[in-house]
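Peer 1: sequence first, then the predicted structure, then my questions.
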Amino acid sequence: MSAPVAIGTRTKRLDAPQKLNGQERFTADLKLPGLLHARVVGSAYAHAMVKGVIKDAALAIPGVVAVLTAADLPIAPKADGTPGENPLVEDEAVFSGQPIALVLATSDAAAEDGVGAVEVDYDPLPALMRMSEAMAEGAPMVRLKTSEVSDEEASMHNADAAQDSGEERETLPPNVSNSIHFSRGDVAAGFAASDAVVELSFTSQEVHQGYLETQVAMATVEPLGDLRVYTSTQAAFYCRTRVAETVGVPLHRVDVVPMPVGGGFGGKFVLIEPLVAAAAVAVGRPVLLQFNRMEDFLAANPAPGCEITLKVGATKDGTITALESRMTFESGALGGSPLQIAAILMGGYYRFPNLEIRGYEVLTNRSKMGAYRAPGAQQGTLAIESVIDELARELGMDPMAFRLQNCVVEGDARPNGNAWPRIGLRQTLEALEAHPAWQGREEARAKGRGVGIAVGGWPGGVEPATAVCRLDADGKMTVVLGSVDLNGTNTTFSQIAAETFGLGAEDITVKTASTDSAPYAGGTGGSKVTYTVGPAVQKAAEDARQQILSIAAEHLEAAAEDLEIIDGAIRVKGVPGVSVSLREIASMSMTVGSRFEPVYGKGSSAITESAPGFAVHLAEVEVDELTGETKVVRYVAAQDVGYAINPASVEGQIHGGVAQGIGWALYEGMHYDDSGQLLTATLMDYALPKAEYVPPIETILVHVPSEHGPYGAKGVGEPPSIPGAAAVANAIRDLTGLRMTDIPIRPERLAAALDAAETARTASAAD
Amino acid sequence: MTVDVPVNGTSRREEIEPRMLLVHFLREQIGLTGTHIGCQTGQCGACTVLIDGEAVKSCMVLAAQAEGHEVTTIEGLAPAGTLHPVQQAFWEEHGAQCGYCTPAMVLSTVALLADDPDPDEHAIRHALDGNICRCTGYHNIVLSVRAAAQKVAAGAVPEPFLQR
């Protein structure tokens, strides 16, 4: 290959200007004639039977057009004839804020007035908010009317979750919706052979994706009965299937228009679209619903909390001998827990000859749980990376050297028995080891700082995809896709296509089309879009190029292999002056009577082997001993990205992931009271990291090329959000000697631990 | 009630409910949807506009309170088809990702640079504490603000961009 012209260079986002000047249209910015604004009447109780909904007072409010309850929605039965899933409560509310009714009005303000006037008659039931209570013998049920819990969405984020864990089914405690069991070797023998064992218990709290644009969708019924849904979704085709199934409209009569997404992070596959579509059908008018921030905290799909007990042993020479763990993950009242992938990653970063992991997904009266950027990975990683760090201390080993000695390489097995393909974990550890921040850690310590490192990995996702690349009348190329651009992938695809034509990225337009006309692509999640759609774009562009060369060859009376495309013109190599421009080719193939076929390249990919990505992070922290406040003052993120098609975009993903990791570590957590009321339902109570709480982020890009990705690229979105919590916890341990095992490590938690340690020190001094 | 709010240099006389917030006035009443809503409680800053040159969260202000004050939204920062030097800097330094917080970040930066033409990193992060970004980790935003300060100091003017 000659030197790249478009790939591998820092390329400005082609869609940035409209985001910068306010012209970008998000879903809530749309207007349609006759539009109704919807607001949700949410359950006041975490668990209750709903005996009745009194609408009269709300309907009397000027502007209120309708109050819809479950019975008013056109919900189709499932394929097996059983009743379909109603997005509104039919009779049993299972979490606080669960939508019971929808008020439709001519303005958002009138709809909100209507919500206040709807009366709901409840029969409260006991709410189970803690996993230990829910699993206790004789515990009441989280849902009196049980139904299946679906893990369909989890399989869209990573290749491992798409396979059954194949465990034997044990008799499960109450309210346990799923269990896993991974076993290898003889764990008891492994621990017996070890010289040091560390066992710790960890808790993670529920965390919200924190996208700034709350869940929003608008649906309209076209004159002939077709449904069109404009929505902030990461997964247009999946959304279309779910809407069609819910409302009972044939798939081909539903068009999902994916709008710009104001932050998704896994939380916007499908949530309110079936409800909004059903409401639009019910009233025959366009309906827009945008959750307000409180509704989004109450009734969206955050990441679950969990409890993990983890024990790891090793011999004096630093060889790990065994891992044993018990994990319980909240799955809310409606399911959606990433337990399996948490277990696979927790037991997958290092070689464990003997391993035993049991895990349980436990129903509680909380909202549905969902995917949040590397779902399950943060929680599992906090456990393993804290224990590994502690074990290195026990053994008197350097934590970097201990990791390098035991880290997995290609061919090593994950807990589910699948071997890792080509991965760059070792290279990424080595890259961070060589960095001045690690080499200079003693200087940092001398300044009163703690230094911690941690690993994070993500298996990557796969899904078939198609792209088309066409020549337009102006001689420019347009790529049409079905994948949603969350954070710059369409610019990356412009670069990929531009490379094929020897053009600049700005010469290629990439359009994400609606499901009516877009070629298929999976959801944008699981770090798979560049990896799976990229090759389709590359092939589509190459197909278009061959078609162009073939037309040019006939026109120029030359052999196609003697032609080259330079600066938008096709020339005969070595014969200056003999050329035809792309615009002329367009004209020759798209006018009345033309003898050439229009240039329309297509390309597809069906990669079945994922390309796991690993990150290794270093956090440097300072702790205020009086308040317990931790401040991250330096941060280095090394990551194996395979190949960075747009390094600026890749670095941007890493920066954002790091900030989210710091949120996991120190700030974010959803708190409920014992009755199931959410105490952190606004951004006043739920702390997202602000500019002053995030340090400058140094990035190291490691290039271990993937086998199937475009130019060797790997998915980069997930890995940078994974190691943060463990890296910060390890840095706090390094500085204070305290092993913090519950995240977020809020100041009050650390202050209490510092106090307790001081008290213990004083007491032992007095002895 | 009737209010008369000067927005982007044009008087906007509108009949509204007294309770209408400025952000709803801008978005729904006069159709300027570049001002976004993220939290309704004054934390996220996505609804930031300039009132008499100061960065203000428009979800915390009644439309009626803005009467007689100059409101500048993102749509009024530079002539159509051009980008203000601050916007150019955000583009060049990759300071925007999903774009939801972006107009507000840009306006907060304009207000910061009016007060402090040469802010250091600490001053930048402090000034932007009222604007939450979930995508960028703030790293490239800080670089964008620094670059913007240089552009403004050098007398840069709005420049046309290619509309795609």
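Peer 2: Ah, there it is. Numbering: from 1, shown residues only, chains lettered A, B, ... in the order given.

Peer 1: switch to C-alpha atoms for all contacts and neighbour counts from now on
Peer 2: Fine.

Peer 1: shaky segments in chain B?
Peer 2: B:163-164 (pLDDT under 70).

Peer 1: any chance you could map the helices in it?
Peer 2: Secondary structure of chain B (DSSP state H): helices at B:22-24, B:85-92, B:102-115, B:121-127, B:139-153.

Peer 1: wondering if the first one reaches chain A at all.
Peer 2: No - no part of helix B:22-24 sits close enough to chain A to count as contact by Cα under 8 Å from any Cα of the partner chain; the gap is at least 9.8 Å.

Peer 1: tell me which residues of that helix are tucked away?
Peer 2: B:22-24 (16 or more other Cα atoms under 10 Å in any protein chain shown).

Peer 1: quick one: which of the residues you listed is nearest to chain A?
Peer 2: Chain A has its nearest neighbour among the buried residues of helix B:22-24 in B:H24, at 9.8 Å by Cα to the nearest Cα.

Peer 1: check the gap between the residue positioned nearest the centre of chain B and B:N131 for me.
Peer 2: By Cα atoms, centre = their mean, chain B has its centre lying nearest to B:L107, at 2.8 Å. Separation of B:L107 from B:N131 (Cα to Cα, to the nearest Å) stands at 10 Å.

Peer 1: pLDDT at A:E167, what is it?
Peer 2: Looking at A:E167, its pLDDT reads 50.

Peer 1: now tell me what touches the one helix or strand A:L754 maps to from outside.
Peer 2: Element membership for A:L754 (DSSP states H and E) is helix A:747-766. Contact partners of helix A:747-766, identified using Cα atoms under 8 Å, 6 or more residues apart in numbering or on different chains, comprise A:625-630, A:738, A:740.

Peer 1: pull out the buried positions in the lengthiest helix in chain A.
Peer 2: The single longest helix within chain A, with elements called by DSSP H, is helix A:529-556. Burial within helix A:529-556, assessed by neighbour count using 16+ other Cα under 10 Å, is assigned to A:529-553, A:556.

Peer 1: can you check stretch A:63-74 too?
Peer 2: The neighbour-count check on stretch A:63-74 (16+ other Cα under 10 Å) flags A:63-70, A:73-74 as buried.

Peer 1: would you mind extracting the C-alpha trace of that stretch into PDB?
Peer 2: What follows is stretch A:63-74, C-alpha atoms only, in PDB (Å, rounded to 0.1, in the frame of the first residue of the first chain):
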ATOM      1  CA  GLY A  63     -54.700  21.700  26.400                       C
ATOM      2  CA  VAL A  64     -54.900  18.200  27.800                       C
ATOM      3  CA  VAL A  65     -56.200  16.000  24.900                       C
ATOM      4  CA  ALA A  66     -55.900  12.500  26.400                       C
ATOM      5  CA  VAL A  67     -54.900  10.400  29.400                       C
ATOM      6  CA  LEU A  68     -53.800   7.000  28.200                       C
ATOM      7  CA  THR A  69     -53.500   3.900  30.500                       C
ATOM      8  CA  ALA A  70     -52.400   0.400  29.600                       C
ATOM      9  CA  ALA A  71     -55.900  -0.500  28.400                       C
ATOM     10  CA  ASP A  72     -55.900   2.400  25.900                       C
ATOM     11  CA  LEU A  73     -52.800   1.200  24.100                       C
ATOM     12  CA  PRO A  74     -53.000  -1.000  21.000                       C
END
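
Peer 1: ok, that stretch near chain B or not?
Peer 2: No - for stretch A:63-74, no contact with chain B is found by Cα under 8 Å from any Cα; the gap never falls below 13.2 Å.

Peer 1: mind checking the pLDDT average for that stretch?
Peer 2: On average, stretch A:63-74 scores 98.

Peer 1: contact partners of it?
Peer 2: With Cα under 8 Å, 6+ apart as the contact definition, stretch A:63-74 has outside contacts at A:53, A:55, A:58-59, A:86-90, A:100-107, A:110-111, A:114, A:247-248, A:278-279, A:281-283.

Peer 1: next step: these restricted to strands.
Peer 2: Among those, the ones falling in strands (DSSP state E) are A:53, A:100-105.

Peer 1: of these, which pair is most distant in space?
Peer 2: Spatial extent of the ones in strands among the contacts of stretch A:63-74 (Cα to Cα) is set by the pair A:V53 and A:A105 at 17.6 Å.

Peer 1: more neighbours: which of the two?
Peer 2: A:A105 (26 against 16; other Cα atoms under 10 Å in any protein chain shown).

Peer 1: distance of that one from chain B?
Peer 2: From A:A105 over to chain B the distance is 15 Å, taken as Cα to the nearest Cα, to the nearest Å.

Peer 1: wait, that residue touches A:G34, no?
Peer 2: No - applying Cα atoms under 8 Å as the test, A:A105 and A:G34 come out as separate, 10.3 Å apart.

Peer 1: go through the buried residues of helix B:22-24 and name the one nearest A:Y230.
Peer 2: Taking Cα to Cα as the measure, A:Y230 sits nearest to B:H24 out of the buried residues of helix B:22-24, at 21.2 Å.

Peer 1: just to revisit the earlier point, for the contacts of helix A:747-766, which single residue is the most surrounded?
Peer 2: Highest neighbour count within those, by other Cα under 10 Å: A:T630, with 23 neighbours.

Peer 1: quick check: that residue touching A:V623?
Peer 2: Yes - if you go by Cα under 8 Å, A:T630 and A:V623 touch, sitting 4.5 Å apart.

Peer 1: what's the domain layout of the chain?
Peer 2: Looking at chain A here, since you left the chain open. Chain A breaks down by automatic domain parsing into domains covering A:31-125+A:215-290, A:128-137+A:149-206+A:304-408, A:463-605.

Peer 1: the intended chain is chain B.
Peer 2: If you go by automatic domain parsing, chain B breaks into B:2-76, B:82-153.

Peer 1: roughly how far apart are the nearest residue in space to B:A127 that is not next to it in sequence and chain A?
Peer 2: What sits nearest to B:A127 in space, not counting adjacent residues and going by Cα to Cα, 6 or more residues apart in numbering or on different chains, is B:L112, at 6.7 Å. From B:L112 across to chain A, the span is 14 Å (Cα to the nearest Cα).
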